[in-house]
Structure formats: C-alpha cells, structure tokens
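Peer 1: Task: produce atomic coordinates for the following.
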Amino acid sequence: MQITHRPTVSPSAPSSNFQVSSTPTTRPSAADTTFAQALAQASGEVGAETAPVSLKSKGIPPLFKYADDGVITGDEMRMARNEAKAEYQKRLTAALEGEDIDRSHPLRLQTDTMGRVVVVGDHPDKARIEQIFAEDGELANKFRETASLTAMLAHAEEAIAFQQAYAKDDKAAVAKYSYLFNTTVQVTMEHRWGPEGLDVLFASERVLRSAWG
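Peer 2: Residues are numbered from 1 along each chain as shown. Have a look, this model is predicted:
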C-alpha cells in the first residue's frame with residue numbers, strides 16, 4: 001500500500017548539509033545536526049542525546065572510501081551512489097549483451113520483500129529479465145547497493161528536514177512528518193535506452209513498513 005509520493009531523488013539533487021561524524025560532539029543546533037542524530041530523532045528518539053559511535057575504534061572500515069577522515073557527508077554519499085550506479089550500468093549492459101530484450105519500453109525495477117530484483121508493471125520480457133538478475137548475483141547486488149544508497153539519501157534529507165522543523169515547533173513538525181514513523185522509502189530505478197546507451201533514473205516514494213519490520 002503506497003502512501004504519499006515524495007519528490008524524485010536524482011543525482012543532480014541539491015547538496016544537503018548533513019554529515020555523519022565519528023567524533024563525539026555536544027548537542028548540536030538544527031543547522032549543525034549530523035545525519036546519525038537526525039535519523040535517531042526521526043525514528044522516535046526526539047530530544048535524546050545521540051552520541052555518534054566511532055566505527056574506527058571498533059575496527060570497522062569506513063562505509064565509503066571517501067570518508068577517510070571519519071566523517072561521511074551528503075556529497076560523499078552521492079559520489080558513492082553515482083559510482084555504484086555507473087558500475088551497475090556497465091554490468092547490466094554486459095549481462096544483456098546478446099539477449100533479445102525489448103529496449104523500446106522503459107524498464108522499471110525494484111526489490112521485493114525478499115530482496116529479489118523484480119520488474120515493476122508490464123514489460124514484454126519481464127520473466128527473462130527477472131531470471132537474469134536471479135542468476136547473476138553480482139548484478140543483483142550492485143542493483144541493491146545503488147538502490148540502498150539512493151534510499152539512504154532520501155531518508156537523510158527527510159530526517160534532517162524533520163529535525164529542523166521540530167526545533168522550531170515540535171507539535172507542527174510531528175503532525176507534518178508523522179508518515180516517517182510508519183513508512184519507509186521504496187526506490188524504483190527506471191532504465192531507458194537511447195543514442196548514448198543505457199541511462200538509469202531514480203524515483204522514491206513512501207510505503208507502509210512491512211509487518212516484519
């Protein structure tokens with residue numbers, strides 16, 4: 001069941017000022033809120049002190065290769081997403097080489113509740129496309145990585161908007177952003193073939209959370 005459609009998330013979206021810091025800080029102002037703190041508040045921990053956890057101190061490597069300073073910025077997340085997208089496009093193009101797939105129709109893909117890559121809507125080669133993803137684990141993983149990074153960006157932007165609104169008027173913010181508490185972001189990737197080859201576009205919408213979490 002779909003809730004309200006939210007703005008499309010695209011590679012050209014304006015840069016947000018969120019960041020994830022592994023360095024302990026004092027309670028920030030709305031403008032200085034980190035990604036981790038905003039997400040915690042949006043998930044129901046509004047007003048709680050949220051001390052960032054140092055992954056480096058736990059021996060966990062950085063989430064992105066760009067974040068070697070212990071801070072993940074929105075721009076670094078976009079770079080990681082766009083890099084994953086380029087690798088995915090390359091792998092998908094190779095996987096479809098020699099396949100008699102109708103490329104005159106846009107191809108819309110997303111993951112289902114089991115994490116499988118599935119075709120959204122009607123497509124003449126729906127069954128064969130889903131089979132290709134089922135047989136090529138690396139291709140499916142690259143799709144999931146790209147979609148997950150896109151969802152993270154959408155979550156972050158909304159979480160920070162909620163936190164900033166909450167700092168001004170808590171009741172109005174909760175009323176406006178109440179959908180954050182029982183929905184999640186579903187990313188759909190639309191594939192189009194043109195003169196310059198394959199292009200992938202992103203769209204995100206809010207859907208009810210699964211009963212399984």
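
Peer 1: Using the three-state scheme, assign Thr113.
Peer 2: Secondary structure, DSSP: H, G, I helix; E, B strand; the rest coil: Thr113 is coil.

Peer 1: In three-state terms, label the closest residue to it other than its chain neighbours for me.
Peer 2: Leaving aside its chain neighbours, Thr113 sits nearest to Ser210 (6.0 Å; criterion: CB to CB, 6 or more residues apart in numbering). Backbone N, C-alpha and C define where each C-beta goes, glycine included. State at Ser210, reduced to three classes by three-state DSSP: coil.

Peer 1: Local confidence estimate at Pro11?
Peer 2: Note on Pro11: pLDDT of 40.

Peer 1: same deal with the one 5 residues further on?
Peer 2: Residue-level confidence at Ser16 comes out at 46, pLDDT.

Peer 1: Does the residue nearest to Thr113 touch Asp112 like I think?
Peer 2: No: contact status for Ser210 versus Asp112: not in contact, 10.6 Å apart, counting by CB atoms under 8 Å.

Peer 1: quick one: the residue nearest to Thr113 and Thr184, what's the gap?
Peer 2: Look at Ser210 and Thr184: by CB to CB, to the nearest Å, they are 8 Å apart.

Peer 1: So between these two, which is more surrounded?
Peer 2: Neighbour comparison, Ser210 and Thr184: the larger count goes to Thr184, with 15 against 8 (by other CB atoms under 10 Å).

Peer 1: For the more buried one, give me its contacts.
Peer 2: Listed by CB atoms under 8 Å, 6 or more residues apart in numbering, the contact set of Thr184 reads 151, 206-207, 209.

Peer 1: Okay, buried residues for the helix or strand where Val207 lies please.
Peer 2: When elements are assigned from DSSP states H and E, Val207 belongs to strand 197-208. Across strand 197-208, burial judged by 16 or more other CB atoms under 10 Å covers 198, 200, 202-206.

Peer 1: So Leu139 versus Glu87, what's the distance?
Peer 2: Applying CB to CB to Leu139 and Glu87 gives a distance of 10 Å.

Peer 1: Relative to Ala173, which of the contacts of Thr184 is nearest.
Peer 2: For these, the minimum distance to Ala173 (CB to CB) is 16.6 Å, reached by Arg206.

Peer 1: Quickly list what the closest one is bridged to.
Peer 2: Val185 (DSSP bridges).
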